[in-house]
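I would like to see how this sequence folds:
(one chain, ligands or ions: 5)
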Amino acid sequence: MTNQTESAYFDIDQITAPTPTVDQYMRDYVASASLPKNLIDAIDYALLGGGKRMRPILVIRAAEAVGGTIEQALPPAAAIELIHCFSLVHDDLPAMDDDDLRRGRPTLHIKTNEAMAILAGDAMMSLAFQLLLDRIPDETTAAKIMSELAVGTSAMIGGQVYDTLPDFPSDLTPLDQLKTIHTHKTGALIRGACRMGAVAAKANDEQLAAITTYGEAIGLMFQIVDDLLDITQTTEQLGKTAGKDVEQDKLTYPAVLGVEKSQAEITRLLEVALGALSPLGNDAAQLAQIANYLAVRTK
Ligand code: IPE
Ligand code: IPE
Ligand code: MG
Ligand code: MG
Ligand code: MG
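Ligands and ions are numbered 1, 2, ... in the order given. Below you'll find the model as predicted:
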């Protein structure tokens with residue numbers, strides 16, 4: 001999808017290695033919540049089943065890149081995936097993108113009903129914050145991570161409004177509107193994932209700045225790739241309905257810039273992301289691998 005530079009390499013098995021641990025951690029936490037059985041089942045359905053888990057993986061690798069451990073990273077990793085999955089459940093609702101397929105299965109509102117999909121999304125949001133309080137022993141660290149998650153979540157919701165009910169000033173160019181949509185609806189949680197990992201591992205200011213620049217670059221890149229995949233891949237490959245953006249007249253990178261310039265922007269953002277990692281040295285090798293993979297992913 002993009003030109004691979006000499007340093008571009010990734011080992012997908014190594015990138016996805018933390019996934020089973022994150023899945024088990026989320027399953028255990030949700031099972032411990034005192035909620036109605038049908039709500040727990042709905043949350044499990046939305047959480048588990050085929051997601052790439054890129055945000056939790058970013059939390060873990062960002063923590064490691066600044067000298068932290070997977071144990072420190074697991075609570076924020078699970079919390080951000082809860083928020084991400086809530087965003088997908090609501091994104092698919094008839095009032096929003098009206099999608100009936102997600103991760104190769106019927107969307108939650110098709111599997112259950114709209115009321116349950118709305119309420120399961122709501123519960124996933126509150127569980128994410130409760131999990132951080134329950135599972136992070138140091139209250140100051142918990143509060144800092146909760147603040148990162150709150151900032152990312154509000155920005156994501158704002159981005160969904162920009163995407164669905166836009167109300168931009170009339171002098172904002174389509175490209176600036178697009179950047180605003182994408183950095184909010186998708187970039188903010190990816191930036192937040194990286195920062196939450198770094199904060200959990202008690203990063204210093206220089207490390208946090210490097211991780212933030214990396215997270216912002218791959219966050220925007222992630223949604224440009226998502227826009228391209230929507231027009232280049234099949235529904236079967238994506239596990240969600242392809243061609244949705246054209247059908248719904250969405251403002252996307254390929255629609256505004258065309259495919260070639262969108263790919264050039266992916267290459268540019270990849271270089272920004274990789275460049276940002278240099279102060280972290282070899283400890284950030286995994287984050288570099290993830291960025292290289294995200295630039296060329298096909299689902
Ligand atoms: C899809 O995110 C929604 C966007 C923000 C573009 P992912 O591509 O990470 O979806 P899953 O979690 O792997 O299903
Ligand atoms: C999704 O953007 C952003 C969020 C869910 C916050 P899209 O609407 O493009 O995501 P997909 O393509 O349905 O996964
Ligand atoms: Mg959407
Ligand atoms: Mg959608
Ligand atoms: Mg999309």
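
Alongside ligand 3, which residues does this structure contribute?
Contacts of the chain with ligand 3, taken as CB under 5 Å from the ion, map to Asp91, Asp97. Backbone N, C-alpha and C define where each C-beta goes, glycine included.

How about the backbone phi and psi for the residue of the chain found nearest ligand 4?
With CB to the ion as the measure, Asp97 is the residue of the chain nearest to ligand 4, at 3.5 Å. Backbone torsions for Asp97, taken as degrees, to the nearest 10, come to phi -80, psi -10.

Same question for Arg102.
phi -150, psi 130.

hang on, it packs against Gly239?
Yes - at 7.1 Å, Arg102 counts as touching Gly239 under the criterion of CB atoms under 8 Å.

Go through this structure and flag its longest helix.
If you go by DSSP state H, the chain has its longest helix at helix 205-232.

next structured bit after that helix?
Next helix or strand after helix 205-232 toward the C-terminus (DSSP states H and E): helix 235-238.

re the thing from before, for the residue of the chain closest to ligand 4, which non-adjacent residue is closest in space?
Excluding its sequence neighbours, the residue lying closest to Asp97 (CB to CB, 6 or more residues apart in numbering) is Asp91, at 5.4 Å.

is stretch 12-22 up against ligand 1 anywhere?
No - legend: contact between stretch 12-22 and ligand 1 by CB under 6 Å from any ligand atom is lacking; minimum distance shown is 10.7 Å.

In PDB, list the C-alpha atoms belonging to that stretch.
Extracted in PDB, the C-alpha atoms of stretch 12-22 (Å, rounded to 0.1, in the frame of the first residue of the first chain):
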ATOM      1  CA  ILE A  12       3.000  -9.800  12.700                       C
ATOM      2  CA  ASP A  13       3.200 -12.600  15.200                       C
ATOM      3  CA  GLN A  14       5.400 -10.500  17.400                       C
ATOM      4  CA  ILE A  15       3.100  -7.500  17.000                       C
ATOM      5  CA  THR A  16       0.000  -9.400  18.000                       C
ATOM      6  CA  ALA A  17       1.700 -11.500  20.800                       C
ATOM      7  CA  PRO A  18       0.000  -9.600  23.700                       C
ATOM      8  CA  THR A  19      -3.500 -10.100  22.300                       C
ATOM      9  CA  PRO A  20      -4.500 -13.300  24.300                       C
ATOM     10  CA  THR A  21      -3.400 -11.800  27.600                       C
ATOM     11  CA  VAL A  22      -5.400  -8.600  26.900                       C
END
